[in-house]
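Colleague: sequence-free structure coming up:
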């Protein structure tokens, strides 16, 4: 398993905690080469940004 795949695995395992996920993501970016960091950034945005956006939308309640 290469470093990029290892970082992805770690991020998936800590994704239950948004703050921990953010910290591990930042550490992963630092540990990777620029090329692999770009790939991780793209993967992260596809995998997690939409899911957190959707879950925050689900938690809002309309008071109409």
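Modeller: That came through fine. The structure presented is a predicted model; accordingly, all values stated were derived computationally and were not measured.
Colleague: need the phi and psi values for residue 16.
Modeller: phi -70, psi -20 (degrees, to the nearest 10).
Colleague: hang on, I meant residue 32
Modeller: phi -100, psi 160.
Colleague: wait, it sits on residue 40?
Modeller: Yes. Counting by C-beta atoms under 8 Å, residue 32 sits close enough to residue 40 to count as a contact (6.1 Å). Every C-beta, even on glycine, is put in place using the N, C-alpha and C of the backbone.
Colleague: what touches both of the two?
Modeller: 4, 7 (C-beta atoms under 8 Å, 6 or more residues apart in numbering).
Colleague: looking at the chain, which helix is longest?
Modeller: helix 18-31 (DSSP state H).
Colleague: buried sites along the next helix or strand after that one?
Modeller: Moving toward the C-terminus from helix 18-31, the next helix or strand (DSSP states H and E) is helix 34-44. Within helix 34-44, the residues that count as buried by 16 or more other C-beta atoms under 10 Å are 36-37, 40, 44.
Colleague: how much does helix 34-44 deviate in direction from helix 18-31?
Modeller: In terms of direction (axes from the mean of the first three to the mean of the last three C-alpha atoms, to 10 degrees), helix 34-44 departs from helix 18-31 by 160 degrees.
Colleague: may I see the buried residues of stretch 22-33?
Modeller: Result for stretch 22-33 [16+ other C-beta under 10 Å]: buried residues 24-25, 28-29, 32.
Colleague: now pLDDT and distance to residue 49 too, for those, in TSV please.
Modeller: Below are those laid out as TSV (pLDDT from 0 to 100; distance: C-beta to C-beta, whole Å):
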residue	pLDDT	distance to residue 49
24	97	15
25	97	11
28	97	15
29	97	15
32	97	19
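Colleague: surely residue 7 meets residue 33?
Modeller: No. Judged on C-beta under 8 Å, residue 7 makes no contact with residue 33 at a distance of 11.7 Å.
Colleague: the nearest residue to residue 36 once chain neighbours are set aside: how many residues sit nearby?
Modeller: By the measure of C-beta to C-beta, 6 or more residues apart in numbering, the closest residue to residue 36 outside its immediate chain neighbours is residue 4, 4.7 Å from it. Residue 4: 18 surrounding residues under other C-beta atoms under 10 Å.
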